[in-house]
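Q: need a 3D model of the sequence below.
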Amino acid sequence: MRESKQERFKRLAEARVNKILSMLGLLGNCSFKGTYEYTEEQVEKVFQKLQSELDRTYQRFKSAAKGKGRFSLSDDLITAPQHPSVCLTLPDGSQLRADAVDNEDFPAVNIWLQTSDADEKSVCFVEYNTQRETGKELCIGVCSSDSDDPYFYESFNNGKVS
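A: Presented below is the predicted three-dimensional model:
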């Protein structure tokens, strides 16, 4: 009998997660001060790298679930292209995600908050608004949870909000 895709995923994911957990246990063994010597900076660097890779892997699963931005004339909806993003897991389990958006008129970086119940809200953004006067194109927007429009939107010029 042939293994289904679901069964294969479950088998491989369980084995790989258990292997990672085992390796994390081995890494944890390096915390014994009687055997090892390390600085807080070294510990931070190790865990920043691990968190970064964990976040990147998580985003691969989220992107795969949304589609790969393929175009097809037979599709009813065209999936938006994927933009570069970075994700930071906060101590309460929620996540901040920054997406770079390459748009001809409004290139931007958008910040999103995803809570543990998978609710996602726009927090703020920085965009280059080509419709603004010279020197005032870089704008900051702060979002409100009860409106599609930002409740704060101003030009940012040389570190000053105008």
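
Q: how is Leu96 assigned, secondary-structure-wise?
A: Under the three-state scheme (DSSP: H, G, I helix; E, B strand; the rest coil), Leu96 adopts strand.

Q: skipping its backbone neighbours, what lies nearest it in space?
A: Take Leu96 and drop its neighbours on the chain: the residue closest to it by Cβ to Cβ, 6 or more residues apart in numbering is Leu88, 4.7 Å away. Every residue, glycine included, has its C-beta placed from N, CA and C.

Q: again with Gln95
A: Residue nearest to Gln95 in three dimensions, not counting chain neighbours: Gln114, with 4.7 Å by Cβ to Cβ, 6+ apart.

Q: my guess is that neighbour meets Asp99, correct?
A: No. Using Cβ atoms under 8 Å as the test, Gln114 is too far from Asp99 to be in contact (11.9 Å).

Q: care to break the chain down by domain?
A: 5-66, 85-161 (automatic domain parsing).

Q: ok, Cys87 - contacts?
A: If you count contacts by Cβ atoms under 8 Å, 6 or more residues apart in numbering, Cys87 has them with 55-56, 58-59, 95-98.

Q: partners of the top strand by length along the chain in the sheet?
A: The residue-count maximum for a strand in the chain (DSSP state E) belongs to strand 120-128. Strand 120-128 sits in its sheet next to strand 108-114 (antiparallel), strand 138-142 (antiparallel), going by DSSP bridges.
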